[in-house]
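S.K.: this one's structure only:
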């Protein structure tokens, strides 16, 4: 517990430090942007003074310096206008744009939205205005904080995904370890039960009773085999999908009350598919049990196998309470359950067995609230 708390504290400290560093970078970027904008403003004021000097210069006045100031502006777009917004000159703007009256007015409006025009008085009562936009460099700097935030967001998403994946991997190892340990623990009393069955046979106990006990022992062996396979790559065998599905179906059919009406339909021909029989029967049993739970032990369950030569489909249909559309994918997530009891692992394990081990697909084919649900497993031939 102490190690966990320390790890959590360290993680939060790193998050806070990263957040502070991000704020510092953004603040410095904003400050630098404002400094650069102020410098451009000073350049435009200097440009206005130079323009005023040239306009008011006498014949013998040296205007080399003002002219040099004006010509040195090679980056800041500007439009020189009079009081009536008549364009007198422009710089660093495409000439075709300025020849179009509508585009020129739109551009002038854009400049004034970005920066307050620099006002210069040529003579008393006569004014001109230097309308200017931000230079391309400032335009790029404006997007720098957005790009930085995007990079930080992507980095955060990557860290979160890595953390989540590591956590899920750790949980998977834990579940696999628990499953294998459960299989190991069941194995000891199971061996004793097999011995007791042999004693019962020797004592001439009713064969029917012994046969039923043997079925349940075989069932326990099957469950032990299932749990031992969790977390390891199972071996696949070429089996008749119809027969393996029917075996799992018939086992459950004989152990539920008459309140549940069972139905099984399949093709007469064999459907040979590479599967693990133990895990496949687990999938079918999970789906049938969930169907019966959804009906609260009263209703109808059907298992239908369809095959078109390319894809084999197993459909398990019930007359239960149904599933809302927004839960069609959620029901296969670990821990999801609508029951008061249970850990919500049945359908999650079923999905893993079907899709990861058998390379098939499982989905909610159809469902209506209070009418029933059909879940479909698909295998490519």
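M.R.: Alright, I've got the coordinates. What you see is a predicted model, and the numbers here were worked out from it, not measured in a lab.

S.K.: now the residue sitting nearest the centre point of the chain: how far from residue 235?
M.R.: The chain has residue 161 as the residue nearest its centroid, 9.2 Å off, counting by Cα atoms, centre = their mean. Separation of residue 161 from residue 235 (Cβ to Cβ, to the nearest Å) stands at 33 Å. All C-beta atoms are positioned from the backbone trio N, CA, C, and that covers glycine.

S.K.: would you list every one of the strands in the stretch 1-150 of the chain?
M.R.: Secondary structure of the stretch 1-150 of the chain by DSSP state E, counting those that start in this stretch: the strands cover 78-82, 87-91, 118-123, 126-132.

S.K.: Would you single out the least confident of those?
M.R.: Mean pLDDT across these is lowest at strand 118-123; the value there is a mean of 87.

S.K.: Spatially nearest residue to residue 291, not counting backbone neighbours?
M.R.: Counting by Cβ to Cβ, 6 or more residues apart in numbering, residue 318 is the residue found nearest to residue 291 once chain neighbours are left out, at 3.5 Å.

S.K.: residue ranges with poor pLDDT in the chain?
M.R.: 1-8, 59-60, 168-181, 183-185, 188, 226, 229-232, 335-345 (pLDDT under 70).

S.K.: picking that back up, could you dump the strands of the stretch 1-150 of the chain to JSON lines with mean neighbour count?
M.R.: What follows is the strands of the stretch 1-150 of the chain, written out as JSON lines (neighbours: other Cβ atoms under 10 Å):
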{"stretch": "strand 78-82", "mean neighbour count": "21"}
{"stretch": "strand 87-91", "mean neighbour count": "15"}
{"stretch": "strand 118-123", "mean neighbour count": "14"}
{"stretch": "strand 126-132", "mean neighbour count": "20"}
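
S.K.: mind putting those strands in a markdown table, distance to residue 326 included?
M.R.: Formatted as a markdown table, the strands of the stretch 1-150 of the chain follow (distance: least, Cβ to Cβ, whole Å):
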| stretch | distance to residue 326 |
| --- | --- |
| strand 78-82 | 56 |
| strand 87-91 | 58 |
| strand 118-123 | 59 |
| strand 126-132 | 54 |
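
S.K.: closest one to residue 26 among those?
M.R.: Nearest to residue 26 among the strands of the stretch 1-150 of the chain is strand 126-132; the distance by Cβ to Cβ comes to 26.1 Å.

S.K.: Would you mind listing the buried residues in the host helix or strand of residue 210?
M.R.: Assigned by DSSP states H and E, residue 210 falls within helix 207-229. The neighbour-count check on helix 207-229 (16 or more other Cβ atoms under 10 Å) flags 210, 220, 221, 222, 223, 224, 225, 226, 227, 228, 229 as buried.

S.K.: roughly how far apart are the third one and residue 190?
M.R.: By that I understand residue 221. For residue 221, the distance to residue 190 - Cβ to Cβ - is 6 Å.

S.K.: do the same with residue 125
M.R.: From residue 125 to residue 190 the distance is 108 Å (Cβ to Cβ).

S.K.: So these two - more neighbours on which side?
M.R.: residue 190 (16 against 7; other Cβ atoms under 10 Å).

S.K.: How about the contacts made by the residue nearest to the centre of the chain?
M.R.: Listed by Cβ atoms under 8 Å, 6 or more residues apart in numbering, the contact set of residue 161 is empty.

S.K.: Where does it sit: helix, strand or coil?
M.R.: For residue 161, the secondary-structure state derived from DSSP: H, G, I helix; E, B strand; the rest coil is helix.

S.K.: any idea how far it lies from residue 200?
M.R.: Distance from residue 161 to residue 200, by Cβ to Cβ: 57 Å.

S.K.: Then residue 90?
M.R.: Distance from residue 90 to residue 200, by Cβ to Cβ: 106 Å.

S.K.: just residue 293 next, same as before
M.R.: 34 Å.

S.K.: again with residue 333
M.R.: Relative to residue 200, and taking Cβ to Cβ, residue 333 is found at 45 Å.

S.K.: Show me which of these two is the more surrounded one.
M.R.: residue 200 (16 against 12).

S.K.: How far does the helix or strand containing the more buried one sit from its chain's centre?
M.R.: Residue 200 belongs to helix 136-202 when assigned by DSSP H and E. Taking Cα atoms, centre = their mean, to the nearest Å, one finds helix 136-202 lying 16 Å from the centre of the chain it belongs to.

S.K.: got the angle for that helix vs helix 207-229?
M.R.: 150 degrees (axes from the mean of the first three to the mean of the last three Cα atoms, to 10 degrees).

S.K.: begin at 395 from here
M.R.: Yes, from this point I'll number from 395; that puts the last item at helix 530-596.

S.K.: Return the distance of the helix or strand harbouring residue 679 from the chain's centre.
M.R.: In this structure, residue 679 sits in helix 671-688 according to DSSP H and E. Taking the mean of its C-alpha atoms, helix 671-688 sits 28 Å from the chain's own mean (Cα atoms, centre = their mean).
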